[in-house]
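Student: structure here, sequence nowhere to be found:
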């Protein structure tokens, strides 16, 4: 491994560790108190662990699943020292994250046989959707891809202006029709622009309004149909952007958008600003939709490809010191 590759890998690990710091401190301090004075994993410890997982925004259903698995291991092994709790919990989380219907992403791989790769980005206002699109465009461009951003949120002037600024900042193409125009028309014409200009990737923004489910479904369905009319089979990917700081609200948003459109990837933002990072575990388990990117800082390169192993390793990095002294 070259010096520069080692440097950037190390930087990525440090960003992830720092980004999960609040979650780790909150999570492990509670576990430490739960096992204080205990020698074995008993009913009382499991009850405490259940509450810790729920309050860490892992979610009730996922928490119950984890506790039941640990109970089964306790019953099988008859005796489990509290010193083993972290390793057992770690194993179960790794298994849950491994059950999502995706493989680990190692880089930016897109088929050269058919271009452009069309990415439709959805999510409510305020989750960091515009910033995520800008950072994605930056990373794709940096990896040698020709990118166009389509300003499909035509209800907010700020959204169009911000995307234009991002396109200029990262050096990619930009397509817009202005305010109050038909979002489906913008989506169609962005794909058309990408085809005619030999773009590798087209990223299309959408309005972030959850005014009502019927309206949302109709609007997103129209955008889907419009894209497909220009290029059969598009969009290739529908990415839902969620704000980790909202905890269980993120799960509710995932429920609503999954009903409205065929979401097949997730981007979880603002992990560095919350102690609710456990929501990543719950979302992955409940929806079986792969988390593709996580935001661990404001920097251009701090939108990371989500690596399950790296995430869990970072989450438990302080375990030896924090849980069992």
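Tutor: Cool, got the structure. In this text, all values refer to a predicted model and were calculated from it rather than measured experimentally.
Student: how is the protein partitioned into domains?
Tutor: Using automatic domain parsing, the domain parsing of the chain gives 3-102+314-322, 117-307.
Student: most neighbours per residue, which of those domains?
Tutor: domain 117-307 (a mean of 20; mean count of other C-beta atoms under 10 Å). C-beta: built from backbone N, CA, C; applies to glycine.
Student: for it, measure first residue to last.
Tutor: End-to-end distance for domain 117-307, by C-alpha to C-alpha, to the nearest Å: 22 Å.
Student: what's the spacing between the host helix or strand of residue 74 and its chain's center?
Tutor: Element membership for residue 74 (DSSP states H and E) is helix 60-77. Here helix 60-77 shows a centroid-to-chain-centroid distance of 26 Å under the convention C-alpha atoms, centre = their mean, to the nearest Å.
Student: other residues contacting it?
Tutor: 41, 46, 49-50, 53-54, 58, 80, 88-89, 92-93, 95-96, 281-282, 285-286 (C-beta atoms under 8 Å, 6 or more residues apart in numbering).
Student: can you tell me which of those residues end up in helices?
Tutor: 46, 49-50, 53-54, 88-89, 92-93, 95-96, 281-282, 285-286 (DSSP state H).
Student: and of those residues, the nearest to residue 192?
Tutor: residue 286 (36.9 Å; C-beta to C-beta).
Student: tell me, what's the model's pLDDT at the closest one?
Tutor: Per-residue pLDDT puts residue 286 at 88.
Student: and the closest residue to residue 282 other than its chain neighbours, what does it touch?
Tutor: Spatial nearest neighbour of residue 282, chain neighbours left out: residue 59 (3.2 Å); criterion: C-beta to C-beta, 6 or more residues apart in numbering. By C-beta under 8 Å, 6+ apart, the contact list for residue 59 reads 248, 251, 279, 281, 282, 283, 285, 286.
Student: hang on, the earlier thing: of the domains of the chain, which shows the lowest average pLDDT?
Tutor: Among those, domain 3-102+314-322 scores lowest, at a mean of 77.
Student: chain center to that domain: distance?
Tutor: That offset, for domain 3-102+314-322, works out to 19 Å (C-alpha atoms, centre = their mean).
Student: can you check stretch 255-275 too?
Tutor: 6 Å.
Student: quick one: terminal-to-terminal distance for that stretch?
Tutor: By C-alpha to C-alpha, one end of stretch 255-275 lies 22 Å from the other end.
Student: now do stretch 139-156
Tutor: End to end - C-alpha to C-alpha - stretch 139-156 spans 25 Å.
Student: for stretch 265-273, same thing?
Tutor: First residue to last in stretch 265-273 (C-alpha to C-alpha) measures 22 Å.
Student: and if you look at stretch 237-250?
Tutor: End to end - C-alpha to C-alpha - stretch 237-250 spans 20 Å.
Student: ok, stretch 137-155 next?
Tutor: 22 Å.
Student: circling back to that earlier point, could I get the contacts of residue 59 as CSV with distance to residue 239?
Tutor: Shown next, in CSV, are the contacts of residue 59 (distance: C-beta to C-beta, whole Å):
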residue, distance to residue 239
248, 21
251, 17
279, 17
281, 19
282, 19
283, 13
285, 19
286, 18
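Student: now for these: which two are most distant?
Tutor: Across the contacts of residue 59 (C-beta to C-beta), the longest gap, 13.6 Å, separates 248 and 285.
Student: now do the phi/psi pair for residue 162.
Tutor: phi -70, psi -40 (degrees, to the nearest 10).
Student: was I right about it contacting residue 128?
Tutor: No: using C-beta atoms under 8 Å, residue 162 makes no contact with residue 128, being 11.3 Å away.
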